[in-house]
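Engineer: coords below, sequence missing:
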């Protein structure tokens, strides 16, 4: 996906979680970096992660590097720049909104991140209505 001249690769996070479950990698950012190094977004599918079996081609093979690689539904926020084959990539691990009540903003110009948290307390008068 391209936005404002930047190439994005965005995954739901299942593939990253599965890599971590089946390896000794310390966290999501390292698993994401390995996906780029291996040129494959779902290296454990279909062995340990359900996936439709493709016969002719594998749509999970990466043919180019993105500028930004985002994985959702991770345990916590993290961001790191890496360089592969002379290309800089921003890796962003986005936590589950349901547990973190936060989102991540990315500046398309500078490729810097900012976490935005939403906090709300219920008015006691509205509870149990």
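Structural biologist: That came in fine, so what should we check first? Source: prediction; values computed, not measured. Residues are numbered from 1 along each chain as shown.

Engineer: use CA for all of it now, contacts and neighbours both
Structural biologist: Noted.

Engineer: Listing request: residues of the chain with sub-threshold pLDDT.
Structural biologist: 120-129 (pLDDT under 70).

Engineer: From residue 56, how far out is residue 10?
Structural biologist: 24 Å (Cα to Cα, to the nearest Å).

Engineer: ok, those two, which is more surrounded?
Structural biologist: residue 10 (15 against 6; other Cα atoms under 10 Å).

Engineer: Would you agree the more buried one falls within a strand?
Structural biologist: Yes. Under DSSP: H, G, I helix; E, B strand; the rest coil, residue 10 falls within a strand.

Engineer: Identify the bridge partners of it.
Structural biologist: residue 70 (DSSP bridges).

Engineer: Now do the contacts for the residue most central in space within the chain.
Structural biologist: By Cα atoms, centre = their mean, the mean C-alpha position of the chain lies nearest to residue 71, the distance being 0.9 Å. Residue 71 makes contact with 10, 11, 12, 13, 16, 32, 92, 93, 94, according to Cα atoms under 8 Å, 6 or more residues apart in numbering.

Engineer: How about residue 85?
Structural biologist: Taking Cα under 8 Å, 6+ apart as the contact definition, residue 85 lies against nothing.

Engineer: Could you tell me the phi and psi values at it?
Structural biologist: phi 50, psi 40 (degrees, to the nearest 10).

Engineer: All the strands of this protein, residue numbers only.
Structural biologist: Secondary structure of the chain by DSSP state E: the strands cover 2-3, 6-11, 68-74, 78-84, 87-95, 102-106, 113-117.
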